[in-house]
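Asks: Here is a sequence with its predicted model. Questions after.
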Amino acid sequence: MYGFHSSQSKSAIKKNRALAEDLKEGMNFAFKHMAAQEDGRRGFLKAPLIQKIVNMMWFANKHDDGVTNPDLFKPFPHPALALVLTGIECCIDEWATGTRMDIPFTIQEYRGVFESHLNCLREFEEATKQYGVLPVTFVRPSPELTVSYLRIHSGAAPLVTQSLASVSARVIADAIKEYQEGSTTDDESE
């Protein structure tokens, strides 16, 4: 996905090693548009690989957890996203020497990485809370990572949503004004 090559040539090994370093630098692997410099990166948490993993893990078919328990994925849980990021990082680590070597994806090896990603997500959400960036960032990659979209991906029918009765702020304000003025809609001639 990121362009690693299985080769024993010195140039391929060197390129793989540099690629692994570049991907891990500043979580470059989590961006849709990666760049050597931070100011060139765009699309945090919109890397296509993130979407693919989420689809495969929780929305592959209509019996998967994301489909059968949609409320658990609204919004998408930080620990699940941190796990995806940690798994990607483990795969990149397998290429750190320039040639792919199996690295066990265990709690002993990757707990610290997982906790680091989880803290990063929480800090990012806190820093952008007033704008709602994290839910929008991750819930709307291309294509949209919404429970409805993911249910369709899995082959399950979309959730039928009940419309909730509501009134606009304008209707509420008008009703308060009418109440304060003592006017009603009843025919006052009765």
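Replies: Looks like it arrived, so ask away.
Asks: Give the residue spans of this protein that score low on pLDDT.
Replies: 133-180, 182-190 (pLDDT under 70).
Asks: quick one: the helices in it?
Replies: Under the criterion DSSP state H, the chain carries helices at the ranges 10-24, 48-58, 65-68, 78-93, 107-127, 133-139, 147-154, 169-181.
Asks: and the first one, which residues are buried?
Replies: Same thing as helix 10-24. Using 16 or more other CB atoms under 10 Å as the test for burial, helix 10-24 gives Ile13, Lys15, Asn16, Arg17, Leu19, Ala20, Asp22, Leu23. Placement of C-beta: from N, CA and C, glycine included.
Asks: The first one: what's it in contact with?
Replies: If I follow you right, that is Ile13. Ser7, Thr97, Gly98, Thr99 (CB atoms under 8 Å, 6 or more residues apart in numbering).
Asks: of those residues, closest to Pro77?
Replies: Taking CB to CB as the measure, Pro77 lies nearest Thr97 of the contacts of Ile13, at 33.3 Å.
Asks: Verify the stated contact: the closest one with Arg17.
Replies: Yes. Between Thr97 and Arg17 a contact is recorded at 6.6 Å, counting by CB atoms under 8 Å.
Asks: pretty sure Leu45 contacts Leu81?
Replies: Yes. Using CB under 8 Å, Leu45 is in contact with Leu81, at 7.3 Å.
Asks: Over to Ala96: give its phi and psi.
Replies: Per-residue torsions, Ala96: phi -60, psi -30 (degrees, to the nearest 10).
Asks: For the nearest residue to it once chain neighbours are set aside, which residues are in contact?
Replies: The shortest distance from Ala96 to any non-neighbouring residue, by CB to CB, 6 or more residues apart in numbering, is to Ala20 (4.8 Å). Residues near Ala20 by CB under 8 Å, 6+ apart: Phe4, Ile92, Asp93, Trp95, Ala96, Gly98.
Asks: Just name the closest of the residues you listed to Tyr110, please.
Replies: Asp93 (9.0 Å).
Asks: surely that closest one meets Ile103?
Replies: Yes. Here Asp93 reaches Ile103: they are 5.4 Å apart, a contact under CB under 8 Å.
Asks: if we can go back for a sec, separation between the residue nearest to Ala96 and Gln108?
Replies: 21 Å (CB to CB, to the nearest Å).
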